[in-house]
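In: please find the sequence and the predicted model below.
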Amino acid sequence: MFFVGVLAFLFAGDATAQSQAPQIFFEQDGRGTAIVMIADWGNDTSSWLHILPYLRDHHQLIRYDVRGQGRSEAAANGDYSLEAHRDDLGRVLDGLGLERVHIVAAGLNARIAIAFAHGSPGRVRSMALLNPHLAWTRDELSWWDRFLDAYDRVGEPSLGEYTALFIERWFGTVFANREPWVTPFYDLMLRRQAPDALITSIRWWLSTDLALDTERRVTVPVLLVRSDRGGPAVGEPRLRQAFPRMRQIRINESGRLPQIDAPRKLGPELAALFGEIDRTEPE
């Protein structure tokens, strides 16, 4: 059964916090052990469309949009910190009555999954990280500085005005030229989101890198997926220290989002990971 809903999470005992807690949009279908899916920045739940057939026969699939992204509400207090995102993930699990889950997370928003698993490892059965962005390079910061400067000067338009720019950054031109659905798909995805919330959130992300206490070793099994255009692996050694049960695969001829441009390669890898954990480490 396919289900679409909104979770309104309230903090007990704090009226101010209650009024500021954003509603979180989610989709849910399939049956079996739960997999929570967190899309990359600027993407929404629809970015998982091509991966779902590989997983839904044996798993319950929960896709949610992080605060200020997709169809989830913006943060009333403007808080897009990693801590706020991490707490939202915990509330998604609590709101759906899920104690332990698999997690698959992409790009910049993979930091949410990493921080949650590092702080609450008992709630994570395993984790797949798709080209996780852990730290900023000087070139990346320069690119975003130029983008944000142009965005401010143009007068804060819809992000759909930058569809081609983001497609080039995420995929390169070869895939987009070969698959004519990509440009209209991303144009719609970017235009239907609130640009002010997305821009505010990327400013938060740009202000920090992912900090991990590598003295704390977490034994959650992790699959690290890297692609040809997957971006820099800055910060990866610290990730491996914090999560020693990590193995890596590489998906060639893929951009930063293999769930979009390489689902036939990624899908079986995810199904094998989650299926193996379910068989060898049951609830």
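Out: Looks like it arrived, so ask away.
In: ok, the closest residue to P195 other than its chain neighbours - how many residues close by?
Out: Leaving aside its sequence neighbours, P195 sits nearest to L159 (C-beta to C-beta, 6 or more residues apart in numbering; 5.0 Å). The C-beta positions use only the backbone N, C-alpha and C, and glycine is treated the same way. For L159, the count of nearby residues is 22 (other C-beta atoms under 10 Å).
In: could you do the one 4 residues further on as well?
Out: The local packing count at T163 equals 21, with neighbours defined by other C-beta under 10 Å.
In: pLDDT wise, what is the nearest residue to it once chain neighbours are set aside at?
Out: Nearest-residue entry for T163: D187, 4.4 Å, with adjacent residues in sequence omitted and distances by C-beta to C-beta, 6+ apart. pLDDT recorded at D187 is 96.
In: ok, back up a step: pull the contacting residues for the residue nearest to P195.
Out: The contact partners of L159, by C-beta atoms under 8 Å, 6 or more residues apart in numbering, come to 42, 166, 190-191, 193, 195, 198.
In: ditto for S47
Out: Here S47 is in contact with 39-40, 106, 189, 257, 259-260 (C-beta under 8 Å, 6+ apart).
In: what does the helix or strand that contains A150 rub up against?
Out: Per DSSP states H and E: A150 is located in helix 138-154. For helix 138-154, contacts defined as C-beta under 8 Å, 6+ apart pick out 157, 161-162, 165, 169, 199, 202-203, 206, 231-232.
In: recalculate using a threshold of 6 Å.
Out: By C-beta atoms under 6 Å, 6 or more residues apart in numbering, the surrounding residues in contact with helix 138-154 are L206.
In: what of stretch 229-236?
Out: With contact meaning C-beta under 6 Å, 6+ apart, stretch 229-236 is reached by 131, 134-135, 137, 172, 255-256.
In: any quick PyMOL command for the buried ones out of those?
Out: Per 16 or more other C-beta atoms under 10 Å, the buried members of the contacts of stretch 229-236 correspond to this PyMOL selection:
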select buried, resi 131+134+135+172+255+256
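In: fine by me, thanks again.
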